[in-house]
Every structure is written in structure tokens, then in C-alpha cells.
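>>> sequence-free structure coming up:
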């Protein structure tokens, strides 16, 4: 069964406090800052690939100018200016669906800039932008998934969150990679 997208199901929190009264046209943007894979070229023309497992993201909230959320976000910004980078801001974004949906969590976030203000005949939008390091990001459609997809999704999210808290699950991750490789090989033999 396919579910439709419901904007009110998207919950965005900064320091655990929910942001409310978003723009009618846009709620939040989540964008990875750098490429996942970078390459180095050797003198013989061969390439070596490097994967950035701990990407940085730019997260932008589009909040109506009249929203009360602007008040506390700006107070948080002023506190950030006083305290500096020692104030690490946790951010979570979740599309609340019974099955599927997108989730983003980062505990190492910083203000990118102070939003601009525009006074006009229409309600303006303030864009609050954060740079988030070591975020966990899961994109899913809003359809019912099978048990295997849900299990793998949960395992990957657990590994990403454990990395955020400094818990080393490399052995578990290596075993999972081995199982995935052997499963892929077995599937190739059936084709």
C-alpha cells in the first residue's frame, strides 16, 4: 500500500524543541556538503577511491516570519555567539510514518549564518541554516516495506548512532559486510 506525503508529519527539533509554523512551500532542506567518494589519481593513471563515512550536512529550516520559533531560535543564536563553538546543538528531523519516512539526527551542529529579514506585503520566510557533522540520515519512501528492509535499516541506523556516541561497532559492521557479500554472491548464482 502506498501512503501519500503529509507535510504535517515532518517533525523538526533543535535541542529537543519542536520548530513550528513552516513556510507553505518548504519545510526543511537536508543536503550533504561534500561528495561521498573522492579519488586520487596515480602517475600510472590508476585511481584510488576514498569514502567519507562521516559526512557533513547543511540543514535549512524554512520558518514563517511570524512564527514564535524564530524567537527562541534567535535567542539560541545569540547564546551561540556568546558561548562559541563549545555549544554543540542537537538536531533531529523525522517524517512520522507507520512505515517508511525520512530521518536525520546529528549531535554536532553549528549555526551557519543568521537569517535575513524581509518586510513585504506577504508573510516572509526566515531560513535557519545549520552545518551538521557526523549526522545519521535515512531516506525511505512512504510505502510498506518487508521485514528484511526494516531490519537492515534498523541495523544501519544503530551503527550510525553508535558512531555519533563514540561506541565502536567495527567488528559488528565487518560481520554485517561479510554476510551481505555472501548473500549477494548467492543471489548472483541464482540469476
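Yep, it's here. Treat the numbers as computed from the prediction; the structure is a model and nothing was measured.

>>> just the pLDDT at residue 147, thanks.
pLDDT for residue 147: 64.

>>> do the same with residue 109
95.

>>> find the helix or strand that it is a member of.
Take DSSP states H and E as the rule and residue 109 turns out to sit in strand 103-113.

>>> strand partners (parallel or antiparallel) of that strand?
Paired strands of strand 103-113, with direction, are strand 89-95 (antiparallel), strand 125-133 (antiparallel), strand 136-138 (antiparallel) (DSSP bridges).

>>> avg pLDDT for the longest one?
In this model, strand 125-133 has an average pLDDT of 96.

>>> next, the buried residues of it.
For strand 125-133, the neighbour count (16 or more other C-beta atoms under 10 Å) marks 125-126, 128, 130-133 as buried. C-betas here are computed from N, CA, C, even on glycine.

>>> between these, which is nearest residue 83?
Nearest to residue 83 out of the buried residues of strand 125-133 is residue 130 (C-beta to C-beta; 15.4 Å).

>>> surely the closest one touches residue 73?
No: using C-beta atoms under 8 Å, residue 130 is not in contact with residue 73; the gap is 10.1 Å.

>>> overlap in contacts, those two.
Residues touching both residue 130 and residue 73 by C-beta atoms under 8 Å, 6 or more residues apart in numbering: residue 14.

>>> neighbouring contacts of stretch 83-97?
3, 9-16, 28, 30, 59, 76, 79-80, 101-111, 130, 132, 142.

>>> quick check: phi and psi at residue 81.
With angles defined as degrees, to the nearest 10, residue 81 sits at phi -60, psi -40.

>>> and it, how many residues sit next to it?
11 (other C-beta atoms under 10 Å).

>>> got the contact list for it?
Contacts of residue 81 by C-beta under 8 Å, 6+ apart: none found.

>>> and for residue 135?
Counted by C-beta under 8 Å, 6+ apart, residue 135 has contacts 55-57, 104-106.

>>> could you rerun that using 7 Å?
57, 104-106 (C-beta atoms under 7 Å, 6 or more residues apart in numbering).

>>> about what we covered before: in a markdown table, list the strands paired with strand 103-113 along with distance to residue 43.
Listed next are the strands paired with strand 103-113 as a markdown table, based on distance: least, C-beta to C-beta, whole Å:
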| stretch | distance to residue 43 |
| --- | --- |
| strand 89-95 | 43 |
| strand 125-133 | 34 |
| strand 136-138 | 37 |
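
>>> so which of the ones you listed is nearest residue 24?
strand 125-133 (9.0 Å).

>>> and residue 29, what's its pLDDT?
Value for residue 29, per-residue pLDDT: 95.

>>> shouldn't it be within a helix?
No: assigned with DSSP: H, G, I helix; E, B strand; the rest coil, residue 29 falls outside any helix and is strand.

>>> residue 45 is in what secondary structure piece?
Here residue 45 is assigned to no helix or strand, by DSSP H and E.
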